[in-house]
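A.B. asks: Got a predicted structure plus its sequence, pasted below:
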Amino acid sequence: MCGIAGIASRSGAVDPERLRAMSATLVHRGPDSDGVLVDGPVGLAARRLSIIDLETGDQPITNEDATVHVVQNGEIYNYRELRAGLECAGHRFRTQSDTEVLVHLYEEHGEAFAERLRGMFAVAVWDAGQNRLVLARDPFGIKPLYYRIDAEGLAFASELRALPRGEIDHDALEAFLAFNSIPAPYSIFREVRKLPPGSLLVWENGEARIARFSRPAPAQAKDLRLDGESELAEELRARLRDSVRAHLIADVPVGVLLSGGVDSAVLAALAAQESAEPVHTFSIGFEERSFDELEDARSVATMYGTQHEELVLRPDAALLLPALADAFDEPFADSSALPTYLVSELAASHVKVALSGEGGDELFGGYYTYAADLLALRMGKLAAIARPLVERMPSSNRRASFDYKAKRFVRGAALPPLERHHSWKEIFSPDLRAELTGRQTQFDPVDLLRERYAETDGAEPLARLQDVDLGLYLVDDLLVKTDRASMAHSLEARVPYLDPVVAGLAQALRTKLKVSGLRKKRLLRKAAAPLLPRRIVYGRKRGFSIPAAAWLRGELEPFARDVLSAETLRRQGYFRPEVVERVLDRHVAGEEDLSRQLWGLLAFTLWHERHVERRPGALREPRLEALVS
């Protein structure tokens, strides 16, 4: 695991000091070593977190005649198999690292090298002989890669903080207000873009071309697996075991981020069975009972004899929210980043690598929105009739409360499938976005969802909506959250569900094996049944979520009013103070749960203070003892 950066100059040699300065901003991603290569018009830099081949795996790594050089952020899980084949083809290796495989694989297959990789990666290959720079990002978008093209040339990095600032992209801000995150290819700065998942960027002769090399997609309806449920459950369990075994490859200890739900519990169970040593597990809890899952996590840890560590969290906004704003180089408003940040800090004090359960919900049908999508097909018209009554329900502080889900359902049930699905999760509506910003725009962020949705014509209806979540919500929200929160503490987070061995089966399942009525993740639960207590297997959805609604009506209200003061909002110039005040007042009064909207406004305002109004410095960590009880 590393942070990488690089420059390709249109004229003249690369300035090594500029390259080193870029690398220095990424030290949290790789505190163990750093390396720089300057070869005429191209420079590569890497910060290394040593996981595999601790002694000789430093980057950049070159081929035998020093004509091909590579830096990598991530891990290649099939590197041993690839290496064996390359050695048979005559390639000579100097290290035992997975990164060196990339050099020789590129020599053998050129730009097609990325198609053969099983892993999570953002890679840069400099082919001096062909005067070609190739950037590649893994098919699921697990690892980030930003780039900027201007008159001077191309610059790229693992995080936005390593690249020059620019003007705020108002379309990206529009998307942020709709999604609480910024979807690829956009970044918050107009001049910087994200390389989409499964894509190559090839830089030759001062020009860039981008091409997709991989696109995981749901099977066509005619190609779905028709095997029996028990047979498929056994196959899924075997595939998950294979993925966990691959994700345990490391020369350092590996742990599991354990939330108490079935996804992470399966990983903990399989890791414990596949590991020769006791596995470390890490959990976060809350004083609010509807959010606390420590008891369930503890039961799994006890069952498998893991070395278990846990924390109980209380809201110290003055420490936590600014720390998150520092760690996230773009505005990011998924409130579950807060416990993910803290559980990563807890884990990093014991291990260098931790498994995490991202992807299980999108692949196997774990969200209530999927049940709502199917329910709306039968009850759309009735929901429209019931809406006036449902809208009068008081707002609760509980997680995923009935009133919150009911209001969302009746507002979107009669819409077309994709628009309905988006409505379940939409943050600010188009009308409220216009009122909030005072900006009228033709740009519709939902067009990004529509583009993805159009690519899966012929698949089952629910599978197409899952694929939209897999390609946008997972990539630009959940994986960003996990990457930044873990790397802020120099912890590598691995995601075994996002392995082609697992995803390939999940994307070939019939709808009824994923969601049936209100039952979600049916096949995954059946596969998990022999591994876990029944309460965990069939319990409600879990995750590292927080009681944001209650906090913003209690301890965090004064902090929110201070951060979102009229003076601050006028200085920044993006949001109308009177509209923000109305949103806050309605939430505090219990008229509606607007915690996600408020979290987004807080996230943007704090981010702007730290990343626009001043240049971001080294990441600061809050006092952990001040955040737990």
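C.D. replies: Looks like it came in fine.

A.B. asks: C-terminal to the lowest-mean-pLDDT helix or strand in the chain, what's the next element?
C.D. replies: For the chain, using mean pLDDT, DSSP states H and E, the weakest element among its helices and strands is helix 402-412, scoring a mean of 66. The helix or strand immediately downstream of helix 402-412 is helix 417-425, counting by DSSP states H and E.

A.B. asks: Ala333 contacts Phe176, correct?
C.D. replies: Yes: with contact defined as CB atoms under 8 Å, Ala333 counts as touching Phe176 (7.5 Å). Glycine gets a C-beta too; all of them are placed from N, C-alpha and C.

A.B. asks: overlap in contacts of these two?
C.D. replies: 600, 604 (CB atoms under 8 Å, 6 or more residues apart in numbering).

A.B. asks: Of those two, which one has the most company?
C.D. replies: Neighbours per residue (other CB atoms under 10 Å) separate Ala333 from Phe176, with Phe176 holding more: 27 against 24.

A.B. asks: Check which residues of the helix or strand hosting that one are buried.
C.D. replies: Assigned by DSSP H and E, Phe176 belongs to helix 170-179. By neighbour count on 16 or more other CB atoms under 10 Å, the buried set for helix 170-179 is 171-179.

A.B. asks: From those residues, pick the one nearest Leu321.
C.D. replies: Among the buried residues of helix 170-179, Phe176 lies closest to Leu321 (CB to CB), at 16.5 Å.

A.B. asks: list the contacts for that closest one?
C.D. replies: 182, 188, 331, 333, 600, 604.

A.B. asks: nearest to Phe428, of those residues?
C.D. replies: Among the contacts of Phe176, and counting by CB to CB, the member closest to Phe428 is Gly600, at 7.6 Å.

A.B. asks: Quick check, central residue of the protein?
C.D. replies: Leu479 (0.8 Å; CA atoms, centre = their mean).

A.B. asks: Could I get the full set of helices for the stretch 401-550 of the chain?
C.D. replies: Along the stretch 401-550 of the chain, counting by DSSP state H, counting those that start in this stretch, helices occupy 402-412, 417-425, 430-437, 446-454, 461-468, 479-487, 500-506, 522-528, 534-537, 548-552.

A.B. asks: can you redo those as CSV with distance to Ala46?
C.D. replies: Output for these, formatted as CSV (distance: least, CB to CB, whole Å):
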stretch, distance to Ala46
helix 402-412, 44
helix 417-425, 36
helix 430-437, 39
helix 446-454, 31
helix 461-468, 33
helix 479-487, 14
helix 500-506, 26
helix 522-528, 37
helix 534-537, 40
helix 548-552, 37
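
A.B. asks: backbone phi and psi for the closest residue to Thr95 other than its chain neighbours, please?
C.D. replies: Spatial nearest neighbour of Thr95, excluding adjacent residues (CB to CB, 6 or more residues apart in numbering): Thr56 at 4.2 Å. Note on Thr56: backbone dihedrals following degrees, to the nearest 10 are phi -120, psi 10.

A.B. asks: For burial, what's the neighbour tally of Thr56?
C.D. replies: Other residues near Thr56 come to 11 when the count uses other CB under 10 Å.

A.B. asks: do Pro253 as well
C.D. replies: Neighbour number of Pro253 under other CB under 10 Å is 16.

A.B. asks: residues touching it, list them.
C.D. replies: So Pro253 contacts 277, 280, 350-353 (CB under 8 Å, 6+ apart).

A.B. asks: Please indicate which of these are buried?
C.D. replies: Buried members of those, scored by 16+ other CB under 10 Å, are 280, 351-353.

A.B. asks: Turn those residues into a markdown table, including secondary structure.
C.D. replies: Formatted as a markdown table, those follow (DSSP: H, G, I helix; E, B strand; the rest coil):
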| residue | secondary structure |
| --- | --- |
| His280 | strand |
| Val351 | coil |
| Lys352 | coil |
| Val353 | strand |
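
A.B. asks: farthest pair in these?
C.D. replies: Farthest pair in the buried ones among the contacts of Pro253 (CB to CB) is His280 and Lys352. Separation: 10.7 Å.

A.B. asks: okay, and for this structure, where does confidence drop off?
C.D. replies: Per-residue confidence for the chain (pLDDT under 70) gives these ranges: 1, 287-292, 314-315, 317, 378-412, 541-545, 617-629.

A.B. asks: Now with 50, please.
C.D. replies: Per-residue confidence for the chain (pLDDT under 50) gives these ranges: 622-623, 629.

A.B. asks: Quick check: which element contains His308?
C.D. replies: Element membership for His308 (DSSP H and E) is strand 307-313.

A.B. asks: cool, and Ser259?
C.D. replies: Element membership for Ser259 (DSSP H and E) is empty, with no helix or strand holding it.

A.B. asks: Tell me, how many residues neighbour it?
C.D. replies: Neighbourhood size, Ser259 [other CB under 10 Å]: 29.

A.B. asks: wait, it sits on Val300?
C.D. replies: No: counting by CB under 8 Å, Ser259 does not reach Val300; the two are 9.9 Å apart.

A.B. asks: give me the number of residues near the residue nearest to Leu248 when sequence neighbours are not counted?
C.D. replies: The shortest distance from Leu248 to any non-neighbouring residue, by CB to CB, 6+ apart, is to Val254 (5.4 Å). For Val254, the neighbour count with other CB under 10 Å is 22.

A.B. asks: can you pull the contacts of Val254?
C.D. replies: 247-248, 271, 275, 279-280, 351, 353-355, 494.

A.B. asks: Any chance of CSV for those, columns distance to Glu75?
C.D. replies: Output for the contacts of Val254, formatted as CSV (distance: CB to CB, whole Å):
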residue, distance to Glu75
His247, 8
Leu248, 11
Ala271, 16
Ser275, 17
Val279, 18
His280, 18
Val351, 15
Val353, 9
Ala354, 13
Leu355, 12
Arg494, 7
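
A.B. asks: Glu167: which of those is nearest?
C.D. replies: For these, the closest approach to Glu167 (CB to CB) belongs to Arg494, at 35.9 Å.

A.B. asks: ok, now how distant is the closest one from Arg525?
C.D. replies: To Arg525, Arg494 is 23 Å away according to CB to CB, to the nearest Å.

A.B. asks: for Gly517, same thing?
C.D. replies: Distance, Gly517 to Arg525, using CB to CB: 14 Å.

A.B. asks: I'd guess Asp251 is in a strand, am I close?
C.D. replies: No: counting by three-state DSSP, Asp251 is located in no strand; its state is coil.

A.B. asks: Isn't it up against Leu49?
C.D. replies: No: assessed by CB under 8 Å, Asp251 is found out of contact with Leu49, at 11.9 Å.

A.B. asks: coming back round to it: and the strand holding His308, what does it pack against?
C.D. replies: strand 280-286, helix 294-304, helix 337-348 (3 or more CB pairs under 8 Å, 6 or more residues apart in numbering; DSSP states H and E).

A.B. asks: okay if I get the ones you listed as TSV plus distance to Asn205?
C.D. replies: Output for the helices and strands packed on strand 307-313, formatted as TSV (distance: least, CB to CB, whole Å):
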stretch	distance to Asn205
strand 280-286	49
helix 294-304	54
helix 337-348	41
